[in-house]
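**Q** Fold the following for me, if possible:
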Amino acid sequence: MAIDFLSMLNEQKKEQEEQQKVSKKQKKQSGTIEPEKEEKPEKAEEAKKEGYTYPFSLYTEGRTVDISNYGFVDGNEYTPEQICDIMLKHRHYEFAGEITFKMFDDDNTLVATAKQYKKG
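**A** Residues are numbered from 1 along each chain as shown. Got it, this is the predicted structure:
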């Protein structure tokens with residue numbers, strides 16, 4: 001049933017693309033030429049993986065963690081995945097789950113928040 005739905009969506013998408021091609025041809029033939037609009041990449045592609053440049057302080061679970069001897073190199077940019085890997089190697093197991101990061105530039109502090117799973 002799901003396969004039927006997916007195939008139906010694919011067919012609709014193909015039909016829409018064909019209709020757009022036909023309408024472009026008709027506009028060119030009628031003499032009204034519109035400048036082609038550049039398609040913007042999707043938001044997921046625009047939001048490239050952000051990185052955080054060390055040195056910064058790391059705040060998690062209500063305390064600031066001393067990460068000065070964890071192997072971070074001054075001036076290097078670290079992605080959230082790299083930060084989680086380094087923290088896991090130093091037995092900060094809260095970084096094993098889904099973590100969101102927020103940088104507070106005023107304090108140069110990176111706040112790590114673990115996703116909480118609640119039953120309800």
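**Q** Please make it C-alpha for all contacts and neighbour counts, starting now.
**A** Noted.
**Q** What segments of this structure are helices?
**A** Ranges of helices within the chain are 2-30, 43-46, 80-89, based on DSSP state H.
**Q** Mean pLDDT lowest where, among these?
**A** Out of the helices of the chain, helix 43-46 stands lowest, with a mean of 41 (criterion: mean pLDDT).
**Q** Next up, the contacts around Phe95.
**A** Applying C-alpha atoms under 8 Å, 6 or more residues apart in numbering to Phe95 gives the contacts 84-85, 87-88, 114.
**Q** meant to ask about Asp85, not that
**A** Phe95.
**Q** Quick check: bridge partners of Leu58?
**A** Residues in a beta bridge with Leu58, per DSSP bridges, are Val65, Leu110.
**Q** How about Glu77: what's its closest non-neighbour residue?
**A** Using C-alpha to C-alpha, 6 or more residues apart in numbering and skipping residues adjacent in sequence, the residue nearest Glu77 is Thr53, 4.1 Å away.
**Q** For the one you found, the count of nearby residues, please.
**A** The number of residues packed near Thr53 is 15, by other C-alpha atoms under 10 Å.
**Q** Would you mind confirming that it makes contact with Val73?
**A** No: between Thr53 and Val73 there is no contact under C-alpha atoms under 8 Å: 9.2 Å.
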